[in-house]
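Colleague: What would the 3D arrangement of this be:
(one chain, ligands or ions: 1)
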Amino acid sequence: MDKLVIEGGYELNGSIRVSGAKNAALPILAAVILADGEFRISEAPELVDISTMLKLLEELGISSHRDGKTVILNSKFDKEKIEAPYELVKTMRASVLTLGPLLARKGRARVSLPGGCAIGERPVDLHLKALEAMGAEITVEYGYVEAACEKLKGAEITFDIVTVTGTENIMMAAALAEGETVLRNAAQEPEVVDLARFLKKMGADIDGEGTKEIRIKGVKTLNNVDYTVMPDRIEAGTFMCCVAAAGGNLELTNVPLHEMRSTLNKLKESGLNIDKLDDTTINVTKTKPLSATDITTLPYPGFPTDMQAQFMAVMACSKGVSVATETIFENRFMHVAELKRMGAEIKLKDKSAIIQGTDTLTGAPVMASDLRASASLVIAGLMAEGETHISRLYHLDRGYENFVDKLTAVGAKLKRVKE
Ligand code: EPZ
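Modeller: Okay, the predicted model is just below:
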């Protein structure tokens, strides 16, 4: 297993290009199941989760290879290949995104239940309930979801809770169903919109993506297409937090600014300088100590839960007391204990963390628990006095493309070593 050794106290100066969005690429790759032929998906980030999804598609009859930032897939219909095995699903919950497309295209699916993860139980009951409303017969046994339906039928579905992959799964299932499906209380995340754009390019009939009500009229067949995945707003926000912690002057390119208003507002509110150079380029500079700023995570367009841990690391050394309230996941404060090992003064109360800003943090051996918690520990390490050793680095590799190289290229002192 690898660990990361960070020597804190070095400012960041230079330019970083943001990669394609993991959480847009994953449903888009799953949607390839819906049609045959060659697909060229550009800006698919080189991440462990993406390779896991490609391995899963291989199991389902879809071969692929990478050509730089582009993944070329060759989708061949194989009625027998309908199983997403536990060995793959246990490493990546997003495997559940194959359920809707398999059911719509092949009439059958056998997908391992993803199981929980560090940030919460993360059930998929809403996905299953919606598919049953579309006529699927679903049983859950031996840790697998068995689903069958000759032809899915359009239905009116209202999600009890806003669910990103739930919305994506049903949008894909409805694309080939008979009749119209109306999704209410749908997720409005930009990655849902990117998936809808991809499906519409394939020939799907979708309206309302990006609002709380999405209408999908089923079509007979869909076609293979080429597509470029949107940039990653969470990676971009993570780099902004790196400057907010370490200081310096960083240009970020390929930034989906339009989809990042809540993150940009909070970072500006704390005192970080963010100048827009053009529609997708910004200059981020830290000109003064930051001030305490409260956040509450909410479904889009609210402050993203995937930015909560990173923002908390920045608040650990801001002036004053800030409160971070996590409303999406029941256990997304695993990074708090690790930040406290570095000297952060944080108290947990119900769904909130109260952060008393301190002047400095001190480097320490810490452990990553999930993808964004590992990013939060990197941010803390960049500004801590001395060395920080972060173990269980595989969490970081799941969601950040060349994170270490990108940061060292702009002056950070960090290196990956064998544990
Ligand atoms: C997606 O997860 C993202 N993953 C997560 O990003 C992100 O944190 C999350 O949305 C929220 O924005 C991908 O897109 C691959 P949800 P998802 O369904 O779809 C509950 C990262 O760091 N729920 O929107 O799994 C659930 O437990 C990852 O890149 C049910 O109860 O999240 C949670 O409390 C982490 N039943 C809430 O809804 C269901 O059937 C929101 O979950 C589905 C969800």
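Colleague: was I right about residue 178 contacting residue 218?
Modeller: Yes. Residue 178 is within contact range of residue 218, at 5.5 Å (criterion: C-beta atoms under 8 Å). Placement of C-beta: from N, CA and C, glycine included.
Colleague: and the two? which has more neighbours close in?
Modeller: residue 218 (21 against 14; other C-beta atoms under 10 Å).
Colleague: that older thread, overlap in contacts of residue 178 and residue 218?
Modeller: By C-beta atoms under 8 Å, 6 or more residues apart in numbering, residue 178 and residue 218 have these common neighbours: 152, 154.
Colleague: I figured residue 334 hits residue 371, correct?
Modeller: No. Assessed by C-beta under 8 Å, residue 334 is found out of contact with residue 371, at 10.9 Å.
Colleague: So between these two, which is more surrounded?
Modeller: residue 371 (25 against 17).
Colleague: so that one touches residue 393, yeah?
Modeller: No. Using C-beta under 8 Å, residue 371 makes no contact with residue 393, being 11.2 Å away.
Colleague: got the buried residues for stretch 138-146?
Modeller: 138, 144, 145, 146 (16 or more other C-beta atoms under 10 Å).
Colleague: Identify the farthest-apart pair in the residues you listed.
Modeller: Pairwise distances among the buried residues of stretch 138-146 were taken by C-beta to C-beta; the largest, 10.8 Å, belongs to 138 and 144.
Colleague: Out of the buried residues of stretch 138-146, which sit inside helices?
Modeller: Secondary structure from DSSP state H places none of those in helices.
Colleague: Among the residues you listed, which lie within strands?
Modeller: 138, 144, 145, 146 (DSSP state E).
Colleague: Output these as TSV; include the columns pLDDT and distance to the ligand.
Modeller: Converted to TSV, those look like this (pLDDT from 0 to 100; distance: C-beta to the nearest ligand atom, whole Å):
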residue	pLDDT	distance to the ligand
138	96	13
144	93	16
145	94	11
146	96	17
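Colleague: Closest one to residue 306 out of those, please.
Modeller: The closest of these, once distances to residue 306 are taken by C-beta to C-beta, is residue 145, at 25.3 Å.
Colleague: Could you list everything that closest one pairs with in the sheet?
Modeller: Under DSSP bridges, the beta-bridge partners of residue 145 are residue 111, residue 140.
Colleague: Quick one: residues contacting it.
Modeller: Residue 145 neighbours (C-beta under 8 Å, 6+ apart): 99, 109, 110, 111, 112, 113, 124, 128, 138, 139.
Colleague: Also residue 189?
Modeller: Contacts of residue 189 by C-beta under 8 Å, 6+ apart are 23, 164, 299, 300.
Colleague: Quick check: the two most widely separated of those?
Modeller: 23 and 299 (13.5 Å).
Colleague: More neighbours: the two, which one.
Modeller: With neighbours defined as other C-beta under 10 Å, residue 23 and residue 299 compare such that residue 23 has more, 25 against 19.
Colleague: element containing the closest residue to the more buried one other than its chain neighbours, please.
Modeller: Residue nearest to residue 23 in three dimensions, not counting chain neighbours: residue 191, with 4.5 Å by C-beta to C-beta, 6 or more residues apart in numbering. Residue 191 belongs to helix 190-202 when assigned by DSSP states H and E.
Colleague: Provide the contact partners of that helix at residue level.
Modeller: Outside helix 190-202, the residues that touch it by C-beta under 8 Å, 6+ apart are 21, 23-24, 27-28, 31, 34-35, 164, 167-168, 171-172, 175, 186, 204, 206, 209-210, 214, 222-225, 227, 229-230, 233, 256, 259, 300.
Colleague: and residue 362, how many neighbours does it have?
Modeller: Neighbours of residue 362 using other C-beta under 10 Å come to 16.
Colleague: now the one 10 residues further on
Modeller: Neighbouring residues of residue 372 were enumerated by other C-beta under 10 Å; the total is 26.
Colleague: Can you show me the helices along the stretch 1-150 of the chain?
Modeller: 22-31, 48-59, 86-89, 99-106, 125-133 (DSSP state H, counting those that start in this stretch).
Colleague: By mean pLDDT, show me the worst of the ones you listed.
Modeller: Lowest mean pLDDT within the helices of the stretch 1-150 of the chain: helix 86-89, at a mean of 90.
Colleague: Now do the buried residues in it.
Modeller: Buried, per 16+ other C-beta under 10 Å, within helix 86-89: 86, 88, 89.
Colleague: The second one reaches residue 51, doesn't it?
Modeller: No. With contact defined as C-beta under 8 Å, residue 88 and residue 51 do not form a contacting pair (10.4 Å).
Colleague: Can you give the contact residues for stretch 18-25?
Modeller: Residues contacting stretch 18-25 (C-beta under 8 Å, 6+ apart): 41-45, 47, 49-50, 53, 69, 94, 164, 189-191, 194-195, 228-236, 239, 252-256, 399, 401-402.
Colleague: Start and end of that stretch, how far apart?
Modeller: End-to-end distance of stretch 18-25 (C-alpha to C-alpha, to the nearest Å): 14 Å.
Colleague: So what's the gap between that stretch and the chain middle?
Modeller: When C-alpha coordinates are averaged (C-alpha atoms, centre = their mean, to the nearest Å), stretch 18-25 and its chain have centres 8 Å apart.
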